[in-house]
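> What follows is a predicted protein model with its sequence.
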Amino acid sequence: MKIADVRARAFAMPLNNPSYPPGPYRFYDREYFVIEYRTDPDALRAVVPEPLEISDPLVKFEFIRLPDTTGFGDFTECGQMIPVRYRGGSGIFVHSTYLDDEAPVAGGREIWGFPQKLARPKLCHESEVLVGALHFGSVLCAVASMGYKHKELDLGPIERELGEPNFLIKIIPHVDGTARICELVRYRWQDVALKGAWGGPAALQLFAHAMGNVSKLPVLEVLSGTHFVADVTLGLGQVVHDYLAEGQKALAQSFSLATEPAR
């Protein structure tokens with residue numbers, strides 16, 4: 001294989017048998033179960049990175065069924081999303097996500113920097129109740145429930161929220177174990193087709209786990225439960241802050257001062 005061939009084919013790993021095809025990635029009938037809750041402000045400040053800012057101590061715990069996704073197939077995911085502010089505008093910081101499919105775990109990490117781990121999330125209907133659960137191995141980490149379609153919701157607020165930017169931290173280590181890439185990435189959902197949204201009484205419990213500790217952002221008060229279905233396209237990302245460039249600039253300034261001749 002020639003060097004030019006390597007460059008042409010190097011869009012994903014492994015080079016000779018990629019885990020996923022090139023995007024874009026369209027999600028059909030993506031089913032969301034979202035519980036918004038109030039948490040400990042100090043716990044939130046400990047995990048939200050600058051230059052993002054926290055306005056209210058809120059978290060959205062999402063369970064999502066993805067039955068038909070181009071390139072990634074059929075899978076389920078869940079995780080914690082944190083409402084934030086960036087340069088005066090609102091958005092969502094993706095704090096943690098757990099998936100049951102290797103291809104989107106690899107693709108999400110490599111392309112955008114999604115903080116994804118392989119686990120066993122579940123979203124299902126049990127009679128009149130919508131149920132979400134997260135197991136990490138055999139251990140239960142989260143369980144949620146909501147009354148099924150008790151009230152039809154206005155689509156406008158959900159459409160506006162899906163139109164807001166999302167943020168995450170992309171980290172790629174160097175071969176010596178140090179960070180080679182450490183960036184704040186922004187992405188958006190595109191071509192959103194919201195098919196319906198419903199509300200109902202909701203409950204959420206989180207449990208400690210060494211490798212999937214969603215309980216670090218404890219549930220102090222459940223504020224709402226939302227269930228909706230949409231078709232969306234995952235847009236490519238944009239780097240809005242380079243943490244390493246900032247460090248390199250400070251290092252260069254320090255070196256310049258150290259080598260400046262005495263007067």
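Arrived safely.
> burial of residue 194, as a residue count?
When neighbours are defined as other Cβ atoms under 10 Å, residue 194 has 15 of them. C-betas here are computed from N, CA, C, even on glycine.
> no, scratch that, I was asking about residue 24
Neighbour number of residue 24 under other Cβ under 10 Å is 12.
> next one: residue 211
10.
> repeat for the one 4 residues further on
The local packing count at residue 215 equals 15, with neighbours defined by other Cβ under 10 Å.
> what about it, is that helix, strand or coil?
Three-state call for residue 215 (DSSP: H, G, I helix; E, B strand; the rest coil): helix.
> How about the residue nearest the centre of the chain: what's its closest non-neighbour residue?
Centroid-nearest residue in the chain: residue 94, 3.5 Å away (criterion: Cα atoms, centre = their mean). Sequence neighbours aside, residue 168 is the residue nearest to residue 94 in space, at 4.3 Å (criterion: Cβ to Cβ, 6 or more residues apart in numbering).
> again with residue 130
Per Cβ to Cβ, 6+ apart, closest to residue 130 is residue 146, 4.5 Å.
> Specify the beta-bridge partners of that neighbour.
Judged by DSSP bridges, the bridge partners of residue 146 are residue 130, residue 202.
> Read off the pLDDT value for it.
Listed pLDDT for residue 146 reads 98.
> Does it touch residue 35 like I think?
Yes - using Cβ atoms under 8 Å, residue 146 is in contact with residue 35, at 7.4 Å.
> Between those two, which has more neighbouring residues?
More crowded of residue 146 and residue 35, by other Cβ under 10 Å: residue 146, with 26 against 23.
> quick one: common contacting residues for residue 146 and residue 35?
Residues touching both residue 146 and residue 35 by Cβ atoms under 8 Å, 6 or more residues apart in numbering: 202, 225.
> which intervals of the stretch 151-263 of the chain have sub-threshold pLDDT?
Regions of the stretch 151-263 of the chain meeting the criterion pLDDT under 70 cover residues 247-263.
> residues touching residue 125, list them.
Residue 125 touches 131, 148, counting by Cβ under 8 Å, 6+ apart.
> Tell me the bridge partners for it.
Note on residue 125: beta-bridge partners by DSSP bridges are residue 130.
> ok, now residue 142?
Beta-bridge partners for residue 142, by DSSP bridges, are residue 134, residue 206.
> Burial check on it, number of neighbours?
26.
> ok, now residue 59?
With other Cβ under 10 Å as criterion, residue 59 counts 27.
> For residue 66, pull up the helix or strand it's in.
strand 58-69 (DSSP states H and E).
> who touches the residue nearest to residue 130 in this structure?
33, 35, 129, 130, 200, 201, 202, 203, 225, 227.
> The fourth one and residue 204, how far apart?
Distance, residue 130 to residue 204, by Cβ to Cβ, to the nearest Å: 12 Å.
> Looking at those two, which is more packed in?
Remark: of residue 130 and residue 204, residue 130 carries more neighbours, 22 against 19, as counted by other Cβ under 10 Å.
> and the more buried one, how far is that from residue 243?
Distance, residue 130 to residue 243, using Cβ to Cβ: 39 Å.
> just residue 234 next, same as before
Distance from residue 234 to residue 243, by Cβ to Cβ: 23 Å.
> the more surrounded of these two?
The neighbour count for residue 234 versus residue 243, taken as other Cβ under 10 Å, is higher for residue 234 (24 against 18).
> How many neighbouring residues does the closest residue in space to the more buried one that isn't next to it in sequence have?
The shortest distance from residue 234 to any non-neighbouring residue, by Cβ to Cβ, 6+ apart, is to residue 25 (4.8 Å). When neighbours are counted by other Cβ under 10 Å, residue 25 registers 20.
> now residue 157
Neighbours of residue 157 using other Cβ under 10 Å come to 11.
> what does the one 10 residues further on give?
By the measure other Cβ under 10 Å, the count of residues near residue 167 is 23.
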